[in-house]
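Visitor: with the sequence up front, the predicted model follows.
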Amino acid sequence: MLDWLADNLALIMFVAMFFVIFCGYPVAYVMGGMALLFALLGAELGVFRLISVSDVVLRMWGQVAIDPVLASVPMFIFMGTILERSGSAKAMLDATEVMLKRVPGALAVAVMVMGTILAAPIGVVGAAVVTLSLIALPQMLKAGYDKRLAIGTIASAGTLGILIPPAIMLVVMAEMLGTSAGYLFLSCFMPGFVLSGLYILYILGVAILRPGTAPKLTADYGPQTRREFWHTIWRGMFPMTALMVIVLGSIFAGWATPTESGGVGVLGSMLIAALNNRLNVRMVHEAVISACRANGLVFMIFLGATGFSLVFRLLGGDDLMISTLSGLGIDTKWEMLTFVMVLIFLLGFPFEWIEICLIVLPIFGPILAKYDFSDHLGSGAGQAHLLTWFGTLVAVNLQTAFMTPPFGATLFYMKGTAPPGVTMTDVYRGMYPFVALQVVGLMLCIYYPGISLWLPRLAGFLD
Amino acid sequence: MKALLAIAEWIRRTLERVAFASGWLLVVMACVITFDVLARKIGLQLPYTKLQELEWHFHAAIFSLWMGYCYTINAHPRVDSFTERLSLRRKAWVELAGCVLFALPYIALVSWYSIDFVVQSYRLNETSDSPVGLSHRWVLKGIYAAGLWMVVAGILSVLLRVIALLFGGRSPEEVNLQIGHTVAEV
């Protein structure tokens, strides 16, 4: 009995953590505490040397604190919290509406288009969803849109921000997979647009088949003269587009590291806020607090997860996981990929992306990297291709986690900002079609790896 | 009990002061980065290695000094789908168990090891790995270690409030315990 316990300690730890975490105590501390608990247990059983726990200090320092790429996380979060307060969202929505006036379901399509452009630089899902919801939801409801369509549109547009670069999640994922953040930025670009396209097709379909749910805009909506028309579009689209071109372009062209482009992006977003007369000490102070709060919680989870994965690894968890899975009949590459994708999808119901990235990726990334997918990814595809493709799939999968009822974080933000009369059931029902589209998007990315790998190949990052 | 709450509030306020002040490093960091990028583009001759090391020094300092404060304002995400509807007292019991069993032992141990980590660096007068990098590495390591101890302080602050609520018979308003549902902001 004791021998069995000693041999399987890592696996028991992995499973036990997922149960204990449901007690509602902060995830970061549960991970760290479980690590220490099982380290003590392992020491008692003679399979662990307790002094190894001191490695947590070194790892947290060496892999997190002094990592020049992770330094981009606070910068991108800060850029997002400033943009959230910069007042450009309203101008952008006006511009997209004016452009898309004649399209069926114009308002919904406009929200989607704008969400795709705006959510990316905001990056922080909460901020993106709240911003979109506050300005667009009342307007859509007033125009007679179906509640559920409006909610689904806004929530899914807001979550695109964690997929479309510069996304904080991609930086963290790249660290965990041991690949470059630049590769993931490029590879997630197209999947983001594919998803956005799927959403728009769906909205168009609904608007055409059931016009009652998405009324048309009248011809006298918006500016009437050509001059005003272009002015609205210029004012709404130019600042944000310019910011994105600077931030992403400098990374893709290889001029700047993600951290550097994030820093420049912060000052750029302050400039946008200044142009809108929103820049003042109080606003910056609020943005600083909000950014640091989000940043602090991300790195606290890093601290807990560092301990967890350290103890897991030292207890022999990696080999144990592989042998257990092959005992369950999961040993070919497609079975393994499917298993990991389903696992992440299921974990996405209760968990946020940070926990999943920090627990699942370090364990399953190396396991998956051992397989040869070159027949699927194209000849000459090496580990870099595989990890980039795998990372993209995980990113799309995790984005879905934000939207899945009943615990997706986006849903709470929607409910929190929706006008009275919108119930949680409305929010859930609104999400279902979009979650289904999300699964379709994930399937497309799995079957056609070209969607992910085309841009990195084009840029010459991968051959 | 009044004293416990006073200590808890004093800890929270101290953490808050440090956190609010260090938060503005974000602005400084962005300015340093932009200056670095622009100066390099123009082609100025500056000690760029030092500048670039400074950039992640800010990053390390910011998150270190915020981790502890985040707990006192209930920013750390929880998976509370099953416990969300419990009464405040029940939640406080969960919090008590969590603090004593998980948070405090782990963080206190890690913080304990971090002292040696800083002392070593100070004794060796450790500098950057790069010969043209920044010296005095122990300063940043000290901030990092202080950050870990501030997490311990944050946990103590919450723990004291929990104790005051559960065993001191204080009203929830007076205790001002920040626990319960929270959504991750990223």
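Guide: Yep, that arrived.

Visitor: residue contacts, residue 66?
Guide: Using chain A. B:56, B:60 (C-beta atoms under 8 Å, 6 or more residues apart in numbering or on different chains). To be clear about C-beta, it is placed using only N, CA and C from the backbone, and glycine gets the same treatment.

Visitor: hm, I was asking about chain B
Guide: Per C-beta under 8 Å, 6+ apart, neighbours of residue B:66: A:292-293, A:295-296, A:299, B:19, B:22-23, B:147.

Visitor: let me know the pLDDT of residue B:183.
Guide: Looking at residue B:183, its pLDDT stands at 68.

Visitor: what ranges do the helices span in the stretch 301-450 of chain A?
Guide: A:317-327, A:333-347, A:353-369, A:374-377, A:383-403, A:409-417, A:424-447, A:450-458 (DSSP state H, counting those that start in this stretch).

Visitor: just to revisit the earlier point, could you dump the contacts of residue B:66 to JSON lines with neighbour count, distance to residue A:181 and secondary structure?
Guide: As requested, the contacts of residue B:66 are exported to JSON lines (neighbours: other C-beta atoms under 10 Å in any protein chain shown; distance: C-beta to C-beta, whole Å; DSSP: H, G, I helix; E, B strand; the rest coil):
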{"residue": "A:292", "neighbour count": "28", "distance to residue A:181": "21", "secondary structure": "helix"}
{"residue": "A:293", "neighbour count": "21", "distance to residue A:181": "23", "secondary structure": "helix"}
{"residue": "A:295", "neighbour count": "28", "distance to residue A:181": "17", "secondary structure": "helix"}
{"residue": "A:296", "neighbour count": "28", "distance to residue A:181": "21", "secondary structure": "helix"}
{"residue": "A:299", "neighbour count": "26", "distance to residue A:181": "17", "secondary structure": "helix"}
{"residue": "B:19", "neighbour count": "25", "distance to residue A:181": "27", "secondary structure": "helix"}
{"residue": "B:22", "neighbour count": "21", "distance to residue A:181": "25", "secondary structure": "helix"}
{"residue": "B:23", "neighbour count": "26", "distance to residue A:181": "24", "secondary structure": "helix"}
{"residue": "B:147", "neighbour count": "27", "distance to residue A:181": "24", "secondary structure": "helix"}
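
Visitor: now the two most distant members of the residues you listed.
Guide: Greatest spatial distance among the contacts of residue B:66 (C-beta to C-beta): A:293 and B:147, at 14.9 Å.

Visitor: can you pull out the helices in chain B?
Guide: Counting by DSSP state H, chain B has helices at residues B:2-23, B:25-42, B:48-72, B:88-98, B:104-123, B:137-167, B:172-175.

Visitor: then stretch A:321-331 to CSV, C-alphas only?
Guide: Only the C-alpha atoms of stretch A:321-331 are listed here, as CSV (Å, rounded to 0.1, in the frame of the first residue of the first chain):
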residue,chain,number,x,y,z
MET,A,321,1.6,10.6,-16.6
ILE,A,322,2.8,9.0,-19.9
SER,A,323,2.7,5.4,-18.5
THR,A,324,-0.8,6.0,-17.0
LEU,A,325,-2.2,7.4,-20.2
SER,A,326,-0.7,4.6,-22.3
GLY,A,327,-2.3,2.2,-19.7
LEU,A,328,-5.6,3.8,-20.6
GLY,A,329,-4.9,3.2,-24.3
ILE,A,330,-3.9,6.7,-25.1
ASP,A,331,-0.6,6.4,-26.9
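
Visitor: which residues does the one residue sitting closest to the centre of chain B contact?
Guide: Nearest to the geometric centre of chain B sits residue B:67, at 2.4 Å (C-alpha atoms, centre = their mean). Residues near residue B:67 by C-beta under 8 Å, 6+ apart: A:296, A:299-300, A:303, B:147-148, B:150-151, B:154.

Visitor: for residue A:154, see how far away residue A:305 is.
Guide: Residue A:305 sits at a distance of 31 Å from residue A:154 (criterion: C-beta to C-beta, to the nearest Å).

Visitor: which one of these two is surrounded by more residues?
Guide: Taking other C-beta atoms under 10 Å in any protein chain shown, residue A:305 and residue A:154 do not tie; residue A:154 has more neighbours (31 against 25).

Visitor: give me the pLDDT for that one.
Guide: 93.

Visitor: which helices and strands does the host helix or strand of it pack with?
Guide: If you go by DSSP states H and E, residue A:154 is part of helix A:147-159. Applying 3 or more C-beta pairs under 8 Å, 6 or more residues apart in numbering or on different chains; DSSP states H and E, we find helix A:147-159 packed against helix A:106-122, helix A:125-142, helix A:181-209, helix A:383-403, helix A:409-417, helix A:424-447.

Visitor: chain center to whichever helix or strand comes after it, what's the gap?
Guide: Per DSSP H and E, the first helix or strand lying C-terminal to helix A:147-159 is helix A:168-177. Relative to the chain's own centre, helix A:168-177 is displaced by 10 Å; criterion: C-alpha atoms, centre = their mean, to the nearest Å.
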